[in-house]
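*Asks:* Provided below are the primary sequence and the corresponding predicted coordinates.
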Amino acid sequence: MSDTPDSPDARRQPSAGDTGKRLTSLRQLPQAVEPARDLWPGIESAIRAAQPSAAGAAARARRPVRWQWLASAAAVAAALVLGVLIGRHGPASVSHGGTPLATGPAALNVAYITDPRYVRERARLLQTFQTRLATLPPATRAKVAASLDTIDRSLRQIQDALGHDPANPLLQELLVDTYQQEMQMLTTVDESAPESRAPATRS
Amino acid sequence: MVLALQSEHVDWEAGLVQRARGGDVRAFERLYRQHSGRIYGLCLRLTRDPSAAEDCTQETFINAWRGLANFQTRSAFGTWLHRIAVNVVLARRRRPEAREPALPLEDVAVEDAECTLDTPVEEREIETAVGALPQGARDVLVLCGIYGYSHAEVGHMLGIAEGTCKAQLHRARALLRERLSA
């Protein structure tokens, strides 16, 4: 930024003011202004979070899962996506037990999936997912796999819809809701596996 | 020579877009490095808030990544990013706490989008004066006057009629001259 760091105006104005150059046209103003910090890490976290990792995808393809509510949650996500795609307005967020869902403005919701804590936790859960899943009964594993497939399909549909309307706040919110459902499912599988039960400390 | 260089630049950029479409995050980072300054500059001038401009810039590139499959390669990638950035800023403004009152406009004659000043003025003074303009006038002045978009393009980006765009620019120029000569 251009002025002294403590000046409110310094924080408001583009850095173009630093040179003291005198101009006769607005077109002579520099179009580019460098941000005070590198914004790429936050962007990269968000796009990697939205891009299922190869390891995670492989795990899901081979793996299982259970619980009726898991399938219900995925079905709700899919129903919401369909609702949006055909122009109906579904609820802004899905309420299900456990992790509270973000209900704020879309940009705040987008911040949820860019949060480094979320990115780290998701990566951790995906890493141990296969091991945890293998400890569950076969019927449960099959249900979890089906539910995660549904969530994956929902995510792809939302991302496709966002491709046509990138700034749509409802779609952005829906995307975050669906990621939250995925996180809820991964967490439940993680906590249900015998080896993780004792030390489970999720609040 | 200039044309050749521009063409080379476009080809190079098209290659990066192609790779990014295939999921290459590093290629997308190079596109970010190439365009982040202009996108942040635009967001900063539209929001007047560095923190909001940072958020909008990040959201712009996240949305761009998601929408790469729909990007028409015959148009300029930078222009496409600008459209997304304007949408992001407008979406942010739709939040109740971010709303600024709209002022009535008068019909005016068509004017060129070029914004010249009678006497030379320091960049800092111009930026301050632009930042102090009412929202609607500022949006149009920034997009037309600084970034060089036509009234039709700006009208499309902001979702306003071309005539409204011209009226806003007329008003912005008058206010700017008034403030810079004060």
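*Replies:* Cool, got the structure. Numbering: from 1, shown residues only, chains lettered A, B, ... in the order given.
*Asks:* quick check: domain ranges of chain B?
*Replies:* Domains of chain B are assigned by automatic domain parsing as B:2-97, B:108-181.
*Asks:* likewise for chain A?
*Replies:* A:1-36, A:40-197.
*Asks:* looking at those, which has the lowest confidence?
*Replies:* Ranked by mean pLDDT, these end with domain A:1-36 in last place, scoring a mean of 58.
*Asks:* right, is the longest helix along chain A up against chain B?
*Replies:* The residue-count maximum for a helix in chain A (DSSP state H) belongs to helix A:138-164. Yes. Judged by C-beta under 8 Å from any C-beta of the partner chain, helix A:138-164 and chain B are in contact via A:159-160, A:162-164. Placement of C-beta: from N, CA and C, glycine included.
*Asks:* output the contacting helices and strands for that helix.
*Replies:* When contacts are defined as 3 or more C-beta pairs under 8 Å, 6 or more residues apart in numbering or on different chains; DSSP states H and E, helix A:138-164 packs onto helix A:54-62, helix A:68-85, helix A:116-134, helix A:169-192, helix B:50-67.
*Asks:* let's see 7 Å
*Replies:* Packing partners of helix A:138-164 (3 or more C-beta pairs under 7 Å, 6 or more residues apart in numbering or on different chains; DSSP states H and E): helix A:68-85, helix A:169-192, helix B:50-67.
*Asks:* give the buried residues for that helix.
*Replies:* Residues of helix A:138-164 classed as buried: A:140-141, A:143-145, A:147-148, A:150-152, A:154-155, A:157-163 (neighbour count, 16 or more other C-beta atoms under 10 Å in any protein chain shown).
*Asks:* so, low pLDDT: which residues of chain B?
*Replies:* Scanning chain B for pLDDT under 70 picks out the ranges B:1-11, B:96-115, B:117-118, B:182.
*Asks:* go through it and flag its longest helix.
*Replies:* helix B:25-47.
*Asks:* tell me the buried residues in that helix?
*Replies:* Neighbour-count burial for helix B:25-47, with 16+ other C-beta under 10 Å as criterion, is recorded at B:27-32, B:34-47.
*Asks:* ditto for stretch A:120-129
*Replies:* A:122, A:125-126, A:128-129.
*Asks:* where does the residue nearest to residue A:179 when sequence neighbours are not counted sit: helix, strand or coil?
*Replies:* Excluding the flanking residues, the one nearest residue A:179 by C-beta to C-beta, 6 or more residues apart in numbering or on different chains is residue A:113, at 5.4 Å. State at residue A:113, reduced to three classes by DSSP: H, G, I helix; E, B strand; the rest coil: helix.
*Asks:* residue A:113 is in contact with residue A:177, isn't it?
*Replies:* No. The criterion here is C-beta atoms under 7 Å, and residue A:113 misses it with residue A:177 at 10.6 Å.
*Asks:* neighbour count for those two, which is higher?
*Replies:* residue A:177 (29 against 23; other C-beta atoms under 10 Å in any protein chain shown).
*Asks:* now the more buried one: how far from residue B:75?
*Replies:* Noted for residue A:177: a distance of 32 Å to residue B:75, by C-beta to C-beta, to the nearest Å.
*Asks:* ok, residue A:179 next?
*Replies:* Counting by C-beta to C-beta, the gap from residue A:179 to residue B:75 is 31 Å.
*Asks:* please identify which of the two sits among more neighbours.
*Replies:* residue A:179 (22 against 10).
*Asks:* surely that one and residue A:118 touch.
*Replies:* No. In this structure, residue A:179 is not within contact of residue A:118 by C-beta under 7 Å, at 8.2 Å.
*Asks:* and the longest helix of chain B, what does it pack onto?
*Replies:* For helix B:25-47, the elements it packs on are helix A:40-49, helix B:2-21, helix B:50-67, helix B:77-93, judged by 3+ C-beta pairs under 7 Å, 6+ apart.
*Asks:* so which of those helices is the most packed in?
*Replies:* helix B:50-67 (a mean of 24; mean count of other C-beta atoms under 10 Å in any protein chain shown).
*Asks:* now the angle from it to helix B:25-47?
*Replies:* Angle, helix B:50-67 to helix B:25-47, by axes from the mean of the first three to the mean of the last three C-alpha atoms, to 10 degrees: 140 degrees.
*Asks:* report the contact partners of the residue nearest to residue B:57 when sequence neighbours are not counted.
*Replies:* Among residues not flanking residue B:57 along the chain, residue B:40 sits closest, at 4.7 Å (C-beta to C-beta, 6+ apart). By C-beta atoms under 7 Å, 6 or more residues apart in numbering or on different chains, residue B:40 lies in contact with A:33-35, B:53, B:57.
*Asks:* go again with 6 Å.
*Replies:* When contacts are counted by C-beta atoms under 6 Å, 6 or more residues apart in numbering or on different chains, residue B:40 touches A:33, A:35, B:53, B:57.
*Asks:* so how far is chain A from the nearest residue to residue B:158 once chain neighbours are set aside?
*Replies:* Of all residues not flanking residue B:158 in the chain, residue B:139 sits nearest, at 5.9 Å (C-beta to C-beta, 6+ apart). To chain A, residue B:139 is 14 Å away according to C-beta to the nearest C-beta, to the nearest Å.
*Asks:* please apply the same query to residue B:116.
*Replies:* From residue B:116 across to chain A, the span is 5 Å (C-beta to the nearest C-beta).
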